[in-house]
Every structure is written in structure tokens, then in C-alpha cells.
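# generate coordinates for the sequence data below:
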Amino acid sequence: MSVSRKSSLPNLLSASRLLLMPGVLWAALAESKPWFAGLLAVALLTDALDGPIARWLRAESELGRKLDSMADYVTLLCGVAGIAVLWPDIMRRELPWVAAGLAMFFAAIVHGFLRLGRVPCYHTWLAKISAVTCAVTLVPLLAEWTERPFHLAIVLLILSGVEELIIVNLVPWHRGQVRSLWHARSLRRERKAAA
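Numbering: from 1, shown residues only. Below is the predicted model:
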């Protein structure tokens, strides 16, 4: 495989996640829980792989971060919509939790856009942990074993949103990844020291 093909592999994985979303929605509207779950699982797998592959190939880029974030947003919305269609009773019961998580998730995006003129795309550690936790806790939630792990995932999602709101205000000039609030504080100190 040529170097340019290797370097585009992470972006292809992110793009494939976007391309899977019409199928995810179709499966939900067709009331096919197995197809919905399978396609969503494949999409979530591409999300788990694109970042590590980009780092391994040294193919990280601003385009890749933006594409990954866009694919994450679309996957989240299609996943929530599909769950609402296929498991309406669970969605009604969990709506306050889902609404709180989505509100904070999108508040961070909107605030970042208004403050910076762009979506931040920080990909913090807490954002990654909360994304994995949300995906994994869907299994016990939708199987109606327990909702507690899902509630914990939503708390992590809210904390992740709060962290990103703070980072936007701490380092409004920074583009690219910021692993954590601690890293943002370090960037701010470095900039002050250089001034």
C-alpha cells in the first residue's frame, strides 16, 4: 500500500461511518433491531479504529479531526433516533438522561463555534472514555438488564462537555487536540511564559 493510501486510511474509516448512517436509519425504520445493532456496531468500531490508526501511520491532520468529529455527531444523532424508533419505551423512560447528555454535548460544540468560529475537535481523553462508555452501556440498557451503567456514561458525557467548555475558554487560540484540562492549562502557561 502506498504512503498516500496509508495516510488516507483513517479518513476513509471516518467517512465510512458517515456512509453507514443511512443504513442505520433504514434499519430502524424497517424495525430491524439486528441490522440496526450490527450497522451501528460497525460504525462504532470505525470510530474506535480511526484515531489509533492515524497515530500509528502518523497521518493525523486537521481534516481528519474534523471528519472524525462530524462522523461522531451524525452517528450519535442517528443512533439516538434509531433507539427512539426501536425501543420507544426505554427512550421515554430515559429521556431526561438522554436529553441532559445531548444538551451538554451540543452546548460544548455550539459554545466552541460561537467563541472560536469553528468546532473545537479537541478529542479529549474524557470525551473518548465517555464515548466508549456510552456505546458499551447501551447493551445492558437495551436488553433491559439495568440502566445504571448508562446513567454513569451520561454523567461522564456531561463532565466531558464541561471540560470542553472550560478548555475553549482557557486556550481559544489553540487548534488541534487537547488531551485534558490539565493539558489546556499547560498550553496556557506556555503561552504566557512565551509572551
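# with adjacent residues omitted, what lies nearest to the residue most central in space within the chain?
Centroid check for the chain by C-alpha atoms, centre = their mean gives residue 72 as the closest residue, at 4.3 Å. Sequence neighbours aside, residue 47 is the residue nearest to residue 72 in space, at 6.5 Å (criterion: C-beta to C-beta, 6 or more residues apart in numbering). For glycine as for every other residue, the C-beta is placed from the backbone atoms N, C-alpha and C.
# and residue 172, helix, strand or coil?
coil (DSSP: H, G, I helix; E, B strand; the rest coil).
# which strand or helix spans the residue nearest to residue 72?
Using DSSP states H and E, residue 47 maps to helix 33-56.
# pLDDT averaged over that helix - what is it?
Throughout helix 33-56, pLDDT has a mean value of 91.
# alpha carbons only: can I get it in PDB?
C-alpha atoms of helix 33-56 as PDB (Å, rounded to 0.1, in the frame of the first residue of the first chain):
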ATOM      1  CA  LYS A  33     -33.100  -4.500  15.500                       C
ATOM      2  CA  PRO A  34     -30.400  -6.900  14.400                       C
ATOM      3  CA  TRP A  35     -29.400  -4.800  11.300                       C
ATOM      4  CA  PHE A  36     -29.600  -1.600  13.400                       C
ATOM      5  CA  ALA A  37     -27.400  -3.000  16.100                       C
ATOM      6  CA  GLY A  38     -25.000  -4.600  13.600                       C
ATOM      7  CA  LEU A  39     -24.500  -1.500  11.400                       C
ATOM      8  CA  LEU A  40     -24.200   0.800  14.500                       C
ATOM      9  CA  ALA A  41     -21.600  -1.600  15.900                       C
ATOM     10  CA  VAL A  42     -19.600  -1.500  12.700                       C
ATOM     11  CA  ALA A  43     -19.800   2.300  12.800                       C
ATOM     12  CA  LEU A  44     -18.700   2.400  16.400                       C
ATOM     13  CA  LEU A  45     -15.800   0.100  15.500                       C
ATOM     14  CA  THR A  46     -14.600   2.500  12.800                       C
ATOM     15  CA  ASP A  47     -14.700   5.300  15.500                       C
ATOM     16  CA  ALA A  48     -12.500   3.200  17.800                       C
ATOM     17  CA  LEU A  49     -10.000   2.500  15.000                       C
ATOM     18  CA  ASP A  50      -9.600   5.700  13.100                       C
ATOM     19  CA  GLY A  51      -7.700   7.600  15.800                       C
ATOM     20  CA  PRO A  52      -5.200   4.900  16.700                       C
ATOM     21  CA  ILE A  53      -4.600   4.100  13.000                       C
ATOM     22  CA  ALA A  54      -4.000   7.800  12.300                       C
ATOM     23  CA  ARG A  55      -1.400   8.000  15.100                       C
ATOM     24  CA  TRP A  56       0.200   4.700  14.100                       C
END
